[in-house]
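Trainee: here is a sequence together with a model predicted from it:
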Amino acid sequence: MKRNYVYWDIDITNWDDVYSKYAPVFSELNMNNSNDVRACVRYFRDITKNLVDNHYTIDFINSLIADSSIFPAYERKKNLPAFHEPYPYWKIDTNYLDKGYLIGENTNFINNGQPLTILYGTIQNKILYISFNHFSLAESFGTSTGTSIQLILQAYFSMLDNLPENIKGLIVDVRSNLGGDLNDLNFFAKHFVNTQHLFGYAQYKIGDGLYSFTPWFPAYINPANLSKNISKPIIILADNFSASTAEALVMFVKSIPNSTFIGETTFGATGAIINDSSMNYGSFTISNFMHVQTSSARFKYIDGKIYENEGFPPDIFIPFNLTAIQNGHDIALEKAIDRIQ
């Protein structure tokens, strides 16, 4: 953790105190004793409960505790009064779209038990709308099972590159999108700009010290060949389960002029997970015992602030309203429609 964790300078956990308290506790455990092995889960849960890295999870490999896992951010959030689980908004949002909308899924790409699902169409023939529930767009786009995904995205990107006069604004919906492949960020966002676009900065650990960091590196979106700067109003919808790459997309959209974020404060997992075993930071495995997922890099928005654990705040707050949803009303989407009209 000293070497791999990228948030020690803003984390309230005193790692030296943790070590002083738990080193003697663990030294007394007998790993051949099943009760002692199970006790480890309780100890690790206490050790990690306040870590600010909202990507942080522990999955146990040891057979005695393989059915246990630790997700500190989720444990904290589910105790909040306004907490709600992810919701598949596309199930009611088809009611708002004009006839001829497109919906597709790829069951080969699953996140949180849900297949990749994309909904695309127009609203009142003047608003371009798209939603997707996780980020596996580019990979799905290139597979034989992703034909419907490919057709929808091709239609959407083609429309972005040549927006007709009747389109007065855009809505991009990443509510309950838990993130996914970071490569999808540029794959999707590159169609919104025609020049290299700065929207934040990334920083990595270097060396073994708690506070040994690289300089901040600029985070850019690089434009597609035919893309144009979108000058019409763009509204992005997100909620408390918009996480990781979804949050990066929210921040990118907010860095574009004439944009608005409507919904709830995002999950607060703004760092990046990079699957590269050559790195001496980020996720790691303790052989035959546990796998620890932790951010490989941390991110700060162009305002200079790190939103990890806090979440990115909306311009217009619309709380989750289950009663309205059960009655077929998506209040956040309705607010976005009204704003563009």
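Mentor: Here it is on my side, so go on.

Trainee: list the buried residues for the helix or strand that residue 159 is a member of?
Mentor: Here residue 159 sits within helix 147-161, counting by DSSP states H and E. Neighbour counts using 16 or more other C-beta atoms under 10 Å place 148, 149, 150, 152, 153, 156, 157, 159, 160 of helix 147-161 among the buried residues. For the C-beta atoms, the positions are set from N, CA and C on the backbone; glycine is no exception.

Trainee: do stretch 331-341 as well
Mentor: Judged by neighbour count (16+ other C-beta under 10 Å), stretch 331-341 contains these buried residues: 332, 333, 335, 336, 337, 339, 340.

Trainee: give me every residue that touches residue 81.
Mentor: Residue 81 makes contact with no residue, according to C-beta atoms under 8 Å, 6 or more residues apart in numbering.

Trainee: my bad, residue 297
Mentor: Contacts of residue 297 by C-beta under 8 Å, 6+ apart are 6, 202, 203, 204, 271, 272, 274, 282.

Trainee: in strands, which of those residues fall?
Mentor: 202, 203 (DSSP state E).

Trainee: which one of the contacts of residue 297 is nearest residue 294?
Mentor: Nearest to residue 294 out of these is residue 282 (C-beta to C-beta; 6.0 Å).

Trainee: ok, for that closest one, nearest residue in space, not its chain neighbours?
Mentor: residue 296 (3.2 Å; C-beta to C-beta, 6 or more residues apart in numbering).

Trainee: what's the answer for residue 117, then?
Mentor: residue 105 (4.5 Å).

Trainee: where's that neighbour, which helix or strand?
Mentor: Going by DSSP H and E, residue 105 is part of strand 102-111.

Trainee: mind listing what's buried in that strand?
Mentor: 102, 103, 104, 105, 106, 109, 111.

Trainee: just stretch 179-199 next, same as before
Mentor: Here stretch 179-199 shows 179-182, 184-194, 197, 199 as buried, counting by 16+ other C-beta under 10 Å.

Trainee: those in helices, which ones?
Mentor: Per DSSP state H, helices hold the following members of these: 184, 185, 186, 187, 188, 189.

Trainee: relative to residue 132, how far out is the second one?
Mentor: Pointing back at residue 185 there. Applying C-beta to C-beta, to the nearest Å, the value for residue 185 to residue 132 is 13 Å.

Trainee: same check, this time on the last one
Mentor: Plainly put, residue 189 is 13 Å away from residue 132 if you go by C-beta to C-beta.

Trainee: try the fifth one
Mentor: Applying C-beta to C-beta, the value for residue 188 to residue 132 is 9 Å.

Trainee: swap in the first one?
Mentor: Taken as C-beta to C-beta, the spacing of residue 184 relative to residue 132 amounts to 9 Å.

Trainee: over to the fourth one?
Mentor: With distances taken as C-beta to C-beta, residue 187 is found 12 Å from residue 132.

Trainee: fine, thanks again, bye for now.
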